[in-house]
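# Sequence and predicted structure are below.
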Amino acid sequence: MWLGENHCIFSLCTLCLCGKMNESSKVLTMASNDDRPTDETVGFDTLAVRAGYERTNEGEHSEAIFTTSSYVYESAAQAAARFSGDEPGNIYSRFTNPTVNAFERRLAVLEGGERCVATASGMGAILTTCLGTLKAGDHMVSSRAIFGSTVVLFDNILTRFDIKTTFVPQTDLQAWQQAIRPQTKILFLETPSNPVTEIADITALAELAHANDCLLVVDNAFCTPALQRPLALGADLVIHSATKYLDGQGRCIGGAVVGCEERVGGDIYGIVRTGGTSMSPFNAWVFLKGLETLRIRMEAHCRAAQQLAEWLEAQPAVLCVNYPGLKSHPQHALAAQQQTGFGGVLSFAVKGGQAGAWRLIDSTRLVSITANLGDTKTTITHPASTTHGRVDAAARIDAGITDGLVRISVGLEDIADIKADLLRGLRLL
Ligand SMILES: *Cc1c(COP(=O)(O)O)cnc(C)c1O
């Protein structure tokens with residue numbers, strides 16, 4: 001058995017996010033599998049460390065990696081029963097793999113979902129979700145402030161299969177409402193958005209989606225379940241790029257979809273199994289171990305980002321700072337209500353437009369100039385010329401991605417060293 005068979009863990013996770021860990025300590029002394037507590041008696045941190053794994057007969061303490069493409073049967077009859085579905089069990093690692101399944105069960109429990117399906121990448125998770133829930137003629141409404149490759153997928157690829165998307169401003173509820181058509185099946189968003197950290201009201205958009213027979217799909221890569229649990233707020237499906245904070249150390253590419261058994265275990269898993277968007281067992285193992293330290297890492301990222309955001313706001317060369325944890329953020333109150341932490345990503349505009357931003361970036365010696373985020377290492381990027389370089393200039397400025405904007409994903413280094421690294425360039429502006 002694994003902790004997590006029972007899906008109803010909202011209350012205990014809420015408890016845990018407040019730092020109260022009553023009852024969970026007894027799990028740490030449990031010896032036998034038979035007396036294991038159910039997930040109703042333990043907190044988020046305990047589930048993050050222990051949920052989802054079935055120990056093998058070898059008695060290994062750390063989770064094993066099953067690097068096998070196929071599985072053997074005791075007889076021809078057993079093989080036939082496995083293939084027909086009469087007998088549960090492994091057939092081929094594109095369908096099921098014990099290490100991948102352990103990651104899926106652990107992430108499902110942390111998100112408060114019945115079922116998780118792991119995918120080869122975050123984009124693989126979004127593609128798989130679209131293929132599993134849409135057909136030609138269907139329509140989506142999406143926030144315009146979503147990951148660049150997601151825009152390309154919706155706008156350039158799915159359109160070839162007659163699936164159309166209307167993009168709307170993240171925080172304009174009326175624009176969402178007006179964009180819904182009879183063919184609309186999905187409302188899609190990311191919150192906080194990248195790079196300007198706009199917050200979408202998940203509860204309000206879930207109500208709008210359900211009133212129109214649509215699914216609300218939330219890409220939760222920026223917050224992770226340690227800071228935000230969209231399913232508890234009414235969302236139907238949660239998407240992850242595990243590449244980001246779930247790994248947290250910049251090693252592997254992976255993704256996941258979480259939601260109810262019927263939808264995720266049905267058509268969405270069907271696409272993974274047949275379409276081959278499956279996760280590799282080695283990557284699943286890295287993410288499984290990443291989940292064990294997720295909450296304490298996220299707490300440290302949030303603390304450092306808050307300090308850096310407040311410090312940046314006081315710098316004369318900085319025109320404005322986007323971070324939901326700042327009182328100056330237009331949706332600070334909504335973020336405080338919807339999230340248990342404000343995240344590790346912030347952006348800010350400097351004097352001097354692109355020249356100023358590039359000068360600041362080129363003056364750094366410690367932080368990494370790279371577009372990746374959610375790493376222990378702090379990263380710095382100029383969205384207008386990299387991640388958002390292909391977006392039409394007028395649309396980009398309209399979305400707040402000005403030429404002077406710089407994005408930072410705050411890592412786990414000493415915050416004083418990150419400030420000193422940035423101060424060198426800020427003094428030149
Ligand atoms: C990185 C990212 C993706 C895509 O994930 P990959 O693992 O790179 O395919 C999707 N959404 C968000 C919010 C991301 O940051």
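Received the coordinates, thanks. Residues are numbered from 1 along each chain as shown.
# which strand residues sit across from the closest residue to the ligand within the stretch 151-300 of the chain in the sheet?
As assessed by CB to the nearest ligand atom, the ligand sits closest to S241 within the stretch 151-300 of the chain, at 3.1 Å. All C-beta spots, glycine's among them, are computed from the backbone N, C-alpha and C. Counting by DSSP bridges, S241 forms beta bridges with G255.
# Tell me the pLDDT of it.
Looking at S241, its pLDDT stands at 98.
# contacting residues around it?
The contact partners of S241, taken as CB atoms under 8 Å, 6 or more residues apart in numbering, are S121, G122, M123, A125, F147, D219, A221, G254, G255.
# change it to 10 Å
119, 121-126, 147, 149-150, 190, 219-222, 247, 253-256, 373-374 (CB atoms under 10 Å, 6 or more residues apart in numbering).
# Might you enumerate the residues of the chain proximal to the ligand?
121-123, 147, 149-150, 190, 194, 219, 221-222, 241, 243-244, 253, 255 (CB under 6 Å from any ligand atom).
# L422 contacts A357, correct?
No. Using CB atoms under 10 Å, L422 makes no contact with A357, being 11.9 Å away.
# Are there residues contacting both of the two? Which ones?
F348, V350, I380, V406.
# re the thing from before, taking the residues of the chain next to the ligand one by one, which sit in helices?
Counting by DSSP state H, the part of those found in helices is G122, M123, S149, T150.
# What about the closest residue in space to the second one that isn't next to it in sequence, how many residues nearby?
Going back to what we said before, that points to M123. Setting aside the residues directly before and after it, M123 is nearest to S149 in space (CB to CB, 6 or more residues apart in numbering), at 5.3 Å. Neighbours of S149 under the rule other CB atoms under 10 Å: 16.
# for A393, same thing?
Neighbour tally, A393, other CB under 10 Å: 12.
# what separates it from the ligand, distance-wise?
With distances taken as CB to the nearest ligand atom, to the nearest Å, A393 is found 23 Å from the ligand.
# That residue contacts Q354, doesn't it?
No. Between A393 and Q354 there is no contact under CB under 10 Å: 11.5 Å.
# Determine the longest helix present in this protein.
Under DSSP H, the chain gives helix 294-313 as its longest helix.
# avg pLDDT for it?
For helix 294-313, the per-residue pLDDT averages 98.
# residues of it that come out buried?
294-295, 297-298, 300-309, 311-312 (16 or more other CB atoms under 10 Å).
# What helices and strands are in contact with it?
Other elements packing on helix 294-313 under the criterion 3 or more CB pairs under 10 Å, 6 or more residues apart in numbering; DSSP states H and E are helix 44-50, helix 98-111, helix 224-227, strand 318-322, strand 345-350, strand 405-409, helix 415-426.
# Skipping adjacent residues, who's closest to R115 in space?
Spatial nearest neighbour of R115, excluding adjacent residues (CB to CB, 6+ apart): V264 at 4.2 Å.
# thinking again about what came up before, top of the ones in helices among the residues of the chain next to the ligand by number of neighbours, please.
Going by other CB under 10 Å, G122 tops those with 24 neighbours.
# gap between it and T150?
Here the criterion is CB to CB, to the nearest Å. By it, G122 lies 9 Å from T150.
# and for those two, which residues touch both?
With CB under 10 Å, 6+ apart, G122 and T150 have common neighbours D219, I239, S241.
# which one of those residues sits closest to A333?
Nearest to A333 among these is D219, at 22.5 Å by CB to CB.
# list the contacts for D162?
L134, K135, A136, G137, D138, H139.
# and which of these is nearest the ligand?
For those, with the ligand as the reference and CB to the nearest ligand atom as the criterion, the closest is L134, at 17.9 Å.
# May I have the residues that are in contact with that closest one?
M140, L158, F161, D162, I163, Q183, K185, I186, L215, D267.
# Number of residues surrounding the last one?
Spelled out, it's D267. D267: 15 neighbours (other CB under 10 Å).
# ok, now the one 10 residues further on?
With neighbours defined by other CB under 10 Å, the count for T277 comes to 23.
# same question, S363
Going by other CB under 10 Å, the residues that sit close to S363 add up to 16.
# Same question for G353.
The burial count assigned to G353 is 14, neighbours taken as other CB under 10 Å.
# Over to G290?
23.
# What of N90?
Neighbours around N90, by other CB under 10 Å: 17.
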